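Chemist: Pasted the sequence and its predicted model underneath.
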Amino acid sequence: MDLLRNRALSASLFAIALGAAASRANAQQGTFTLPVEARCGNVLLQPGKYTISAQPSASWPQVIRISGRGKVVSILPAIEGTQPAPERSHLRIVTIGETRFIREFTSSSTGKTFTFVVPTATREEAVESKTEETDLSVTGD
C-alpha cells in the first residue's frame with residue numbers, strides 16, 4: 001500500500017514539475033534597450049537594458065513584466081490582440097507633450113499585441129507639440 005502511495009506521489013510531483021518547466025519554456029521573453037526615460041504605467045523607467053516577459057495564461061488579461069535597472073514593473077494590457085506574426089518583436093513608445101510612454105508590446109513569436117493605457121494629449125499639448133510614436137526592437141522573443 002505504501003509503495004502505491006509513494007508511486008502516486010512521485011507521479012504527481014513529476015507531472016507538476018513537468019508542467020512548470022513547460023510553462024517557463026513557453027514564456028514570451030525578450031530584451032530591449034530604452035534610449036530615453038519613459039513611463040510604464042505609474043513607473044518611470046530610466047534609459048538602459050530591460051527584459052520584457054509575458055507568461056502564457058488561460059485567463060485574460062495577461063500580466064506583462066518589465067525588469068531592469070533594479071525595477072520590476074507588472075502591467076495589465078488594456079487590449080490584447082492577435083494578428084499575423086510580425087517579422088520582429090517591438091515596443092511602441094508614444095511621446096505626449098514632453099513625456100514618453102510605453103504604449104504597446106508586439107511579440108513576433110506569438111503574433112500577440114498588448115496595448116497599454118496612456119494618457120491622451122490635452123488640447124494645449126496637441127497645439128504646443130505633436131504626438132510622436134517610436135518603435136524599439138525587442139530581441140530574443
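Modeler: Thanks, I have the structure now.
Chemist: alpha carbons only for contacts and neighbour counts from here, please
Modeler: OK.
Chemist: what about the strands in the chain?
Modeler: Secondary structure of the chain (DSSP state E): strands at 28-34, 38-40, 43-45, 48-54, 64-68, 71-75, 79-82, 89-96, 99-106, 112-115, 132-138.
Chemist: Check which residues of stretch 103-121 are buried.
Modeler: Going by neighbour count (16 or more other CA atoms under 10 Å), the buried part of stretch 103-121 is 103-109, 111-118.
Chemist: Select, from these, the two members most distant in space.
Modeler: Looking at these by CA to CA, the two members farthest from one another are S109 and V118, with 25.0 Å of separation.
Chemist: what's in contact with stretch 103-111?
Modeler: 28, 82-94, 112-118, 141 (CA atoms under 8 Å, 6 or more residues apart in numbering).
Chemist: Any regions of the protein where pLDDT drops low?
Modeler: Where the chain drops to pLDDT under 70, the residues are 1-27, 58, 121-131, 141.
Chemist: what's near enough to touch the closest residue to I52 other than its chain neighbours?
Modeler: The shortest distance from I52 to any non-neighbouring residue, by CA to CA, 6 or more residues apart in numbering, is to I66 (4.5 Å). Residues near I66 by CA under 8 Å, 6+ apart: Y50, T51, I52, S53, V72, V73, S74.
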